[in-house]
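Asks: below: sequence and its predicted model.
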Amino acid sequence: MWAGLLRHFAAGLLMLLATAAAAQPTRFYNQEQLSSNLITSLAQDHEGYLWIGTEYGLNKFDGVRFTQYVTHNAEQEQLFDNIVRHLLVDGEGHLWVVGNRGLHRYNRDTDKLETVRFGNRVTTNVNDLLQAPDGSLWVLSSQTGGLRVDPASMTATPIDAINSRLDSAEGYDNMYLDSRGRLWIAYQSTGLMMVDTKSQRSHYFEEQLMPDNRAVDVMEDDRGRLL
C-alpha cells in the first residue's frame, strides 16, 4: 500500500513541477531563435503554432524550436523586404502575412509563402487586412485603394464602392468591422466611410457630421454603439 501511495505522490509532484515550469515566462532574444527582436505582430494558427512577425522576417514557434522565414534573394516573391506589419489567421486556419510591400499566405504543404497579385503588380503598400463574416478578405492599400482578395486565385480586385469616392493619396490607415458586417474606414483628413460587406454599398459621412472632418479610428462597445 505504501509503495502505491509513494508512486501516486511522486507522479503528482512531477506534474506539479512540470506545470510550474511551463508557467514561467520565457524570453527569446538571440538570432538563433528570432530573426529580429523588433516584434510587430503575433498570431496562433489552428494547429497551435505561434507566429511572430518582426521588422526582419517571420518566425514560427512549435513550442520547442523556431523556424525563420527570411528572404535573402530580392527576386523571390516572399516578404520582399522582410518587414512584417500584421498577421491574420482566417476562418479556415490559413495564415495571412501583411508585409511592408505586399500580402502573402502561408502554404502548409510547401512550407512557403504565396503572394497575392494586385492587378499586374505583386508589390503594394498594404495598410490593413480583415475578414468579413462571409469569409471574404478585405484589403486597404495606400497605393491601390480598397480591394477584395480571392483566395482561390490569390488575386485582389478593386472595390468600386470604396475607390470611386477616394483618392489613394488621402492617407487612410485603419479599417474596422462591426458586429453587423459593416466595414468602417477612417481617413486622416477626409472623414469616415461605411461599406456594407454584403451589398458593397457605401456611405460617406459628410463634413457636417464631423467637426474637423478627421477620423483616426473606429471601435464598437458592448452595446453595439460605434465610437
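Replies: Perfect, thanks for sending it. Numbers count the residues shown, from 1 in each chain.
Asks: buried residues, stretch 195-203. List them.
Replies: Within stretch 195-203, the residues scored as buried using 16 or more other Cβ atoms under 10 Å are 195, 197, 202. All C-beta spots, glycine's among them, are computed from the backbone N, C-alpha and C.
Asks: out of these, flag the one nearest to Asp109.
Replies: Thr197 (29.5 Å; Cβ to Cβ).
Asks: residue contacts, the closest one?
Replies: 132-134, 136, 138, 177, 181-183 (Cβ atoms under 8 Å, 6 or more residues apart in numbering).
Asks: of these, which belong to strands?
Replies: In strands, judged by DSSP state E, the following of those are found: 138, 177, 182-183.
Asks: buried subset of those, written for PyMOL?
Replies: Applying 16+ other Cβ under 10 Å to the ones in strands among the contacts of Thr197, the buried members can be selected in PyMOL as follows:
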select buried, resi 138+177+182+183
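Asks: mind putting the ones in strands among the contacts of Thr197 into JSON lines with pLDDT?
Replies: Listed next are those as JSON lines, based on pLDDT from 0 to 100:
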{"residue": "Trp138", "pLDDT": "87"}
{"residue": "Leu177", "pLDDT": "83"}
{"residue": "Arg182", "pLDDT": "84"}
{"residue": "Leu183", "pLDDT": "81"}
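Asks: state the pLDDT value of Val116.
Replies: pLDDT recorded at Val116 is 88.
Asks: tally of neighbours for it?
Replies: By other Cβ atoms under 10 Å, 23 other residues sit near Val116.
Asks: thank you, goodbye.
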